Structures are given as structure tokens and as C-alpha cells.
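In: Sequence and computational prediction follow.
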Amino acid sequence: MFLLNCGSSSLADRTFSGLMLLCALSIFAIVLLILFELISGSKLTIQKFGLSFFFGSAWDPVNGNFGALPFIYGTVVSSILSLIIAVPLAVGVAIFLTEMCPAFLRGFLAFFTELLAAIPSVVYGLWAVFVLIPLLRQYVNPFLIRTLGWSGIFAGPNYGIGMLAAGVILSIMILPIISSLTREVISAVPHSQREAVLALGATRWEMIRMGVLRNARIGIVGAVILGLGRALGETMAVTMVIGNRPEIARSLLAPGYSMASVIANEFTEASDELYLSALIEIGLALFIVTIVVNALARVLVWAVTRGAPVRGT
Amino acid sequence: MGVEIEVSDLNAWYGTNHTLQSISLRIPANHATALIGPSGCGKSTFVRCLNRMHETNPIGRVTGTVRVGQVDIYAQSSPVEIRRRIGMVFQRPNPFPTMSIYDNVASGLRLNGYRNRKVLDEVVERSLQQAALWEEVKNDLKKKSGASLSGGQQQRLCIARALAVDPEVMLMDEPASALDPVSTAKIEDLIFQLKSQYTIVIVTHNMQQAARVAENTGFFLNGKLVEFDATHKIFTNPTDKRTEDYITGRFG
Amino acid sequence: MASNIVMPPLRARASNRLWRVFANHLATTAAVGSTILVMVPLIAIFGYLIYKGASSLNLAFFTQIPKPVGEAGGGMANSILGSGILLAIASLMGVPIGIAGGIYVAEFGRNKRLANMVRFTADVLNGVPSIVMGIAVYTLIVVPQKHFSALAGGVALGIMMIPTITRTTEEMLLMVPLNVREAALGLGVPNWRSVLSITLRTASPGVITGCMLAFARVAGETAPLLFTAFGNQFWSSSVNEPIAALPLQIFVYAISPYDEWHRLAWGGALVLIVLIVVSVALVRYVAGRGVLKGAS
């Protein structure tokens, strides 16, 4: 902006800024390109099934019958489960780090959190396959079956893999992001608000509740939604633990399938055009949903942090 | 009713910076006392020591005695009740933006467990009346947020909020410095009205303001209390030369 | 007027006081508890990954390709080479475009709506699952070419780098103080030169580490490679053939039934982790020290 006002209009400058503009516009081009490719790639199943594609629960490549409901179910349930586990813990960690943590510890924990957010999905998946699954199978699942098995939510054969495993590994993966973003949002609350509450005669928790969380709540919701967006699209770790069975089951211990996982597993084995189109249409749905969720999250976070770039996400 | 504040040998630090050096004075009850001095002289820090807000800063440290009424406020382990009884109004108004006017004023009451709607209504109304804001907002109590008011109104809202929890002392850290002259005049009128019921300590950069509202004035310089006396004496016939220099504008 | 209003005295019940103290302690316990509950397992996971990875790494890991199933030994050298080639292609595409985009948003579009939209879209794009990028590149490149290739994989990764680098470049450029740019213009330097030689150079440590972060992030991506680069058990350095990649092979080995391949997977995971740690630490270091050291 500063430079625009300087009145320089030589050809070199105009070319330069034009070139930069072109590159900036590439961001939009990428979005449009992906959208175009996804739509054209899923034409066949859109024409054949229409909207019922998303409500059918049969996944039968042999007979050309495709319904995406099991995958939608798997994605949604595993994501919600991960939010239930991760959000309270993430917010708790964020509050601890910003309001209660001694200074020497804060740097290390913040760095470590940022590190965890950057670790690749496949590495988490690797750990999940060899450590988490056996842990769940040997200790956690039997306990859950014993205590809560009556509800039907923890029932059936105990493979270790399944919806619960997917939910747990997802919660581990989205926790650092939700926590970091919540911390940023909490830090953006002005100090004067904290002092206003304290000066009224409030305990530290009351100060946090009334002066910080209340002011930051929109941003915290944004952070949670961002975590949801990440959970919805997580591919590799989920693929390695969810069980890859396109069925809707009540029990969380049953194997399931997610939208991203079915694409990851079956894309290269899709034997005909219709099969491929069905997978691409699932990809299209995933694309649109994550764009909407992420856009919503960013708007909420921006509202609180006033559009300052957020690092590390 | 207001109470007397007795300060003995108060020292305060910000980290290694010895911000206040051995301050002792007695602030009389039901009077307004002004604290003047150049920027950085420690008057704001002093006031924040009176309600134990200085220690909320991680590198803040306090030694000495502060007695409010008969209570040694630093001898208590929890500052919560102290801060309720010693209200504070800040330089920049800081109403809670996510709460309505009503909820702002009632916030302190709710913290103390007040739930009864009628009692809350009554206290909110009286607080806003005491803060000379009632007439302007009485129709919008729950509709408007605390932040949607003008600067001067916001400050009076903060005063009402502090008054609602029945303090004995009101500390004001340059309450009108961010406001326009009309709002400033209203705040000064308010102080005049309030001092019959509360002990008021007001930090101010504005010497005319001190002369207008306060019976007593203390002059701070470089962390020390140079002189503390009746306002008219400070401004017409100060004892210390440094006070005279400051009053006549030779520095600061 | 106001002076004859009498405030009712505040009476708080003792039970209320007790409850407030209790609630405060409960909240503190919950916050500390969550932190311990979260940090301890995470540190344990991290430690386990390092331990398993370290015990799997040896010289052969970096120099050999995997042995046939049933034989011990072997390495992931082909995957490392493959990742290198993919990342080179991706960087060639992503870094210049990303930096240029960041320059535009920071220098020419500071308050314009277009710049805000670019920023917003870049953020949103960062949240799109990477497998979707893979699908798009598949239909765009793999289908017409009728084969998987390193080129397709590199393009998919490059597309992912662009939004990230645009944002980090913008962030770093915005940290350059105004007086640096003023100094350049005061010397009569044309805009484009000022931006490139002075502002960009001042911000270069930050911009470079931003690129490193994007690089490290994309180095660990598996999903977009599943049907673009596809993977390869043998040496391959051709751009037009399927190629191995470190995260891709980790995935394949992890879900395989062979212990030897599992060992390779742990080793590969450690290599990725080291890359991540180095780049995150570097970004923090540079951002923390500020890019201003070049300006003062």
C-alpha cells in the first residue's frame, strides 16, 4: 500500500506487480481447478445416482451400486468422538499455559505442542497400529465392554481396530491445533479485561471465566471448528486403524470406514469408470464440506484476532 | 461508609526497579485525596498497591503495611475480599463488551452469589444512579452492550460496576484522562458527590482537577512521596521546593 | 442528587465464599490435570517414536533399497531419493509462486479486499484434505499420461506448498519495518528493486524458514501421493515413472505383515520427525529473534 502511493509507474514496476498479482491469484485458480476436476471426474455417478448417492448404504462395486452413507457416518462419528475427547483437554491445556503456567515451562510446552501439530499423519498412524491398537484391545476395550457394554455402544468382538481407535488417534492429532489456536485467541484478550474482573474481587478462575473465556468464546468455537475440519479430512492415520469395513454399526468397537479412507484404499483398485467416479464424488463431498467448515472456523478466529496471520496452522 | 487508609513504609518493585521507596501517609475517610506527579513517578503503582493489584504482575513485589479501616490488607492470604472492598476505576474504561449494561453492573454481585432478580434490579438501579448514568441508560439496560456506550458513559458504567459491590474505598487511576472535557466534568461532579460516602483516591496528571475535587493532595516524585497536605496549601504555599517547581511547571 | 442514595450493604453468605474457593481450586486442578493427562502421553509417544526409530537406523537404511521379503537388512534409500526428487519438483513449483503471492499480499495489497481474500482462501486451502489434491492431479496429469509419475506427485505437493508459503512470506514481509522501505525509496530505487533487493532480503531468514516449514510439512504427506507418485520398490529417478516416497513407503510397510518392513517404517518415521523438529525449531528461532536484526 505504501508503495502504491509513491506514484512510480515505470513499466518494470507494473510488470513486477502484475507478476506478483498473477501468483497471488493462483490461489484462487487452485481452488477452481480442484473443484473442476472433482466435478468432471464424478459426473458418471452424479448422473446415475443423484442425491441418493449420499443416502444409500450399499457399497457394491461388483454390481455397480454405490452409496456413500457408511463413509459419511464413519467420518462424522469418528470426528465427533475425537472432538468430545480433545476439546475439553485442549481448552484445559490452553488455559493452563496462558494463565497458570510458570514461565520456564511455558516455552517448552508451547514448542512441543507446535511440534506435535506438524508430525505427519502416517507417523501417528504407525504408532497407532503398533501401540494404540494393542493397548485398546488388551486393556481399554475389555474395560469398556464390562462397564458400558449394556448400552450397545461398546459391544461386539474386540479387534482393537475400529471407530473408537479412529476417534482416539484423531483426538491426539487435533488436540495440539485446537490448543494452539485457543492459546492465541486467549492471548488476544486485552489485559485490561482481566484487571477489570480482578478489581471487582474475583478468584483467578472467576477472572478466567468472566474476563477471558467469555471474551474469547467466539474464537474458541472457531478453534474447535478448525479441529473438526482437520479431523474430517484426516486420511492416513484413520485408514490404518478404522478397519475398512463399509458398514454402519452402533458399537464403537466395530470396524468402520471414513470418506478419506475409502478413497485412499480403493482408488488405485477401482476397476471401472463408475467405481472411480463414485470415489471421486466422495472426494468432492469431502472437499466442499472441509472448505465450508474451515471457512467458518477462520471467520470466527479472525473476528477475535482481527485478521492477524496465525502461525503454525 | 468510607474508611481511613494508613500506609507505612510501603516499598514496591517491578523486578529490580525500585518503583516506590518507603511511602508513608494517612488518607482520611470520606474525603477525596489526589495524587499528582510527573509521568513515571510511581503514583499509579502506589494506588495499585492499595488494592493488591500490583502483585498481579508476575514481577511485582510489595513490602510494608497498608491498613484499610483496621485491616492490614497484606496480612490476608486471599486478596479477593480486599479487592471487593476497595474498588478501582482504570484510566481506559474497561466495561465487559460481551455483557449488557445491566449484566456489567451486576457482575460483581453475581460473583458474590446474588441471584434474586429483584435485589439485583434494585442494586443495579442505585449503582447507576450513584454514577449519574441511570437516566441515560435506564431504557436500554439489557439491550445495549457495555461497549456500545460513549467513552464518558463507559467510565461511569465502570464506576457503577465498582459501586455495586459496596466498597469502602474508590481508587481512580486517571479516570478522566481518556475522556473529553464534558465527560471529565461529569466525572469530577461524581467524585464530589461520592466522597461523602466513600474514601476516594484519585491519581491525576491534571493539577486543576486535583484542585477542584480533592481536599488533600500528595506529590510523588521518582518513587518518593515528597509532600502530602491540604490541597490549597500544596498549590498556593508548598513546603518543598520540588513541589513548587512541579506546580509552577518547571518540569513534568 | 447522587449523594442521598444509599447502597444496600453487600452480604455474601459464607457458603458462597466457600464455594468460590472450592471452584477456584477445582478449575486449577482441571487445568493442570488436563495438561498432565495430555503432555505425558504425548511425550511418551514422541519418545517411543525416537526410540524405535533410532534402533532401526543404520548405514544400510540410507544406502540400500528394501530386500526381498524374508531377508533381513535393506533400507529406504530409494524412498529418500524419491522424496528428494518429489520435493525438488514441488519446491520448483511452489516456492517461486508462493513467495511471489506473499509479496503481492504484503507489499501491494495491504488493505485491499483482494489481498484479504487471497489470505483467507490460502488459509482455507490449507485445511483441505490433501487426498483431494491427489484426486485433482490424478485426473489432470495421470489420466492423460496413462501412468503414475514423479511429475504428478511433485505437482500435487507443489500445489500444497503454495498457500502455506504465501502466508508465511506475507507474515515475514510484514515484519520488516517501514523505515527500511522508506530508506530504499529515498535513494531513488524503483519499487520492484526495493521489494526484491531490500525488503525481501531483510525478511529472507524468515521467508526461507517459512519455505522450510512448508517443505517439511509436504515431505510428510502421503495421501496425495497414493495415486500420483504411486510408490516404487526399486530405484527410480525418472520423472515419468512411479517413484517411491518416504511417507508412502512407511504406510505400505506399516500395514504389511513383515517385521523387517516394520523396522524400516520406524526408521523412516524418525527421519521425518527429525526434519519436522529442525524446521519448527528454526521457524520459532527466526520469528522469535525477529527479522529486524537485518534492519538495525
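Out: Perfect, thanks for sending it. All of these numbers come straight from a predicted model, not from anything done at the bench. Residues are numbered from 1 along each chain as shown, chains lettered A, B, ... in the order given.

In: I'd like the average pLDDT over the helix or strand in which residue C:180 is found.
Out: Element membership of residue C:180, judged by DSSP states H and E, is helix C:178-186. For helix C:178-186, mean pLDDT is 79.

In: swap in stretch B:203-211?
Out: The average pLDDT for stretch B:203-211 rounds to 89.

In: Tell me which helix or strand comes right after the helix holding residue C:180.
Out: In the C-terminal direction, the helix or strand that comes right after helix C:178-186 (DSSP H and E) is helix C:191-193.

In: follow-up on the earlier one: which helices and strands sit right next to the helix holding residue C:180?
Out: With contacts defined as 3 or more CB pairs under 8 Å, 6 or more residues apart in numbering or on different chains; DSSP states H and E, helix C:178-186 has no packing partner among the helices and strands. From N, CA and C alone the C-beta is placed, and that goes for glycine too.

In: Which positions within it qualify as buried?
Out: By neighbour count on 16 or more other CB atoms under 10 Å in any protein chain shown, the buried set for helix C:178-186 is C:180, C:181, C:184, C:185.

In: of these, closest to chain B?
Out: Chain B lies nearest to residue C:180 out of these, by CB to the nearest CB, at 30.6 Å.

In: looking at it, the closest one is touching residue C:198, isn't it?
Out: Yes - the pair residue C:180 and residue C:198 passes the contact test of CB atoms under 8 Å, sitting 6.4 Å apart.

In: give the contact list for residue 241.
Out: Because you didn't say which chain, this covers chain A. Neighbouring residues of residue A:241 by CB atoms under 8 Å, 6 or more residues apart in numbering or on different chains: A:125, A:128, A:129, A:132, A:133, A:161, A:162, A:165, A:166, A:169.

In: The chain in question should be chain C.
Out: Contacts of residue C:241 (CB under 8 Å, 6+ apart): C:147, C:148, C:149, C:150, C:232.

In: The first one falls within a helix, correct?
Out: No - if the criterion is DSSP: H, G, I helix; E, B strand; the rest coil, then residue C:147 is coil and not within a helix.

In: I'd like to know how far it sits from residue C:228.
Out: 11 Å (CB to CB, to the nearest Å).

In: More neighbours: the two, which one.
Out: A direct count of neighbours by other CB atoms under 10 Å in any protein chain shown for residue C:147 and residue C:228 places residue C:228 higher, at 30 against 12.

In: Quick one: classify that one as helix, strand or coil.
Out: When classified by three-state DSSP, residue C:228 comes out as coil.

In: Can you read off the backbone torsions of it?
Out: Main-chain dihedrals, residue C:228, degrees, to the nearest 10: phi -120, psi -60.

In: Need the pLDDT of it.
Out: In this model, residue C:228 carries a pLDDT of 93.

In: measure it to residue A:240 for me?
Out: The value you get for residue C:228 to residue A:240, if CB to CB is used, is 20 Å.

In: number of nearby residues for residue C:166?
Out: For residue C:166, using other CB under 10 Å, the count is 34.

In: ok, for it, nearest residue in space, not its chain neighbours?
Out: Spatial nearest neighbour of residue C:166, excluding adjacent residues (CB to CB, 6 or more residues apart in numbering or on different chains): residue C:101 at 4.0 Å.

In: and what of residue C:108?
Out: residue A:17 (5.1 Å).

In: Thought residue C:191 was touching the one you found, still the case?
Out: Yes - using CB under 8 Å, residue A:17 is in contact with residue C:191, at 7.4 Å.

In: So between these two, which is more surrounded?
Out: residue C:191 (24 against 20).

In: which bits of chain B sit near chain C?
Out: By CB under 8 Å from any CB of the partner chain, the residues of chain B that approach chain C are B:78, B:80, B:84, B:109, B:111-113, B:119, B:122-123, B:126-127, B:129-132, B:163-166, B:190, B:193-194, B:196-197.

In: Could you list which of the residues you listed also contact chain A?
Out: Checking the residues of chain B next to chain C against chain A (CB under 8 Å from any CB), the matches are B:80, B:84, B:111, B:112, B:165.

In: What is the burial count for residue C:265?
Out: Residues near residue C:265, counting by other CB under 10 Å: 28.

In: what separates it from chain B, distance-wise?
Out: Distance, residue C:265 to chain B, using CB to the nearest CB, to the nearest Å: 46 Å.

In: same question, residue C:167
Out: To chain B, residue C:167 is 29 Å away according to CB to the nearest CB.

In: before we move on, the earlier item: can I get the helix holding residue C:180 in PDB? Just the C-alpha atoms.
Out: The C-alpha coordinates for helix C:178-186 follow below in PDB (Å, rounded to 0.1, in the frame of the first residue of the first chain):
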ATOM      1  CA  LEU C 178       8.600   0.900   7.400                       C
ATOM      2  CA  ASN C 179      11.800   2.800   7.700                       C
ATOM      3  CA  VAL C 180      13.700   0.200   5.800                       C
ATOM      4  CA  ARG C 181      11.400   0.600   2.800                       C
ATOM      5  CA  GLU C 182      11.500   4.400   3.200                       C
ATOM      6  CA  ALA C 183      15.200   4.300   3.100                       C
ATOM      7  CA  ALA C 184      15.200   2.400  -0.200                       C
ATOM      8  CA  LEU C 185      12.800   4.800  -1.900                       C
ATOM      9  CA  GLY C 186      14.600   7.800  -0.500                       C
END
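
In: Check the offset of that helix from the chain's centre.
Out: Averaging C-alpha positions (CA atoms, centre = their mean, to the nearest Å) puts helix C:178-186 32 Å from its chain's average.

In: Could you find the closest non-adjacent residue to the most centrally placed residue in chain A?
Out: Ranked by distance to the mean C-alpha position of chain A (CA atoms, centre = their mean), the top residue is residue A:230 at 1.6 Å. If the residues on either side of it in the chain are set aside, residue A:230 comes closest to residue A:174, at 5.2 Å by CB to CB, 6+ apart.

In: can I assume the one you found is in contact with residue A:229?
Out: No - with contacts counted by CB under 8 Å, residue A:174 stays clear of residue A:229, the gap being 9.1 Å.

In: And the residue of chain B that's closest to chain C?
Out: Closest point on chain B to chain C, by CB to the nearest CB, is residue B:113, at 3.4 Å.

In: what's the burial count for that residue?
Out: Residue B:113, neighbours per other CB under 10 Å, totals 14.

In: Residue C:232 too?
Out: Residue C:232: 21 surrounding residues under other CB under 10 Å.

In: mind checking the SS state of it?
Out: Residue C:232 is classified as coil under three-state DSSP.

In: which residue packs closest to residue A:109, ignoring adjacent ones?
Out: If the residues on either side of it in the chain are set aside, residue A:109 comes closest to residue A:97, at 6.0 Å by CB to CB, 6+ apart.

In: which residues of the stretch 1-150 of chain A fall in helices?
Out: A:11-41, A:43-49, A:69-95, A:103-118, A:121-127, A:133-135, A:141-148 (DSSP state H, counting those that start in this stretch).

In: Can you tell me the element the residue lying closest to residue A:123 once chain neighbours are set aside falls in?
Out: In space, residue A:123 comes closest to residue C:269 once its chain neighbours are excluded; the distance is 4.6 Å by CB to CB, 6+ apart. Assigned by DSSP H and E, residue C:269 belongs to helix C:259-289.

In: Up against chain B, what does chain A have?
Out: When proximity is defined as CB under 8 Å from any CB, chain A approaches chain B at A:103, A:190, A:192-193, A:195-203, A:206, A:210-211, A:214-215, A:217.
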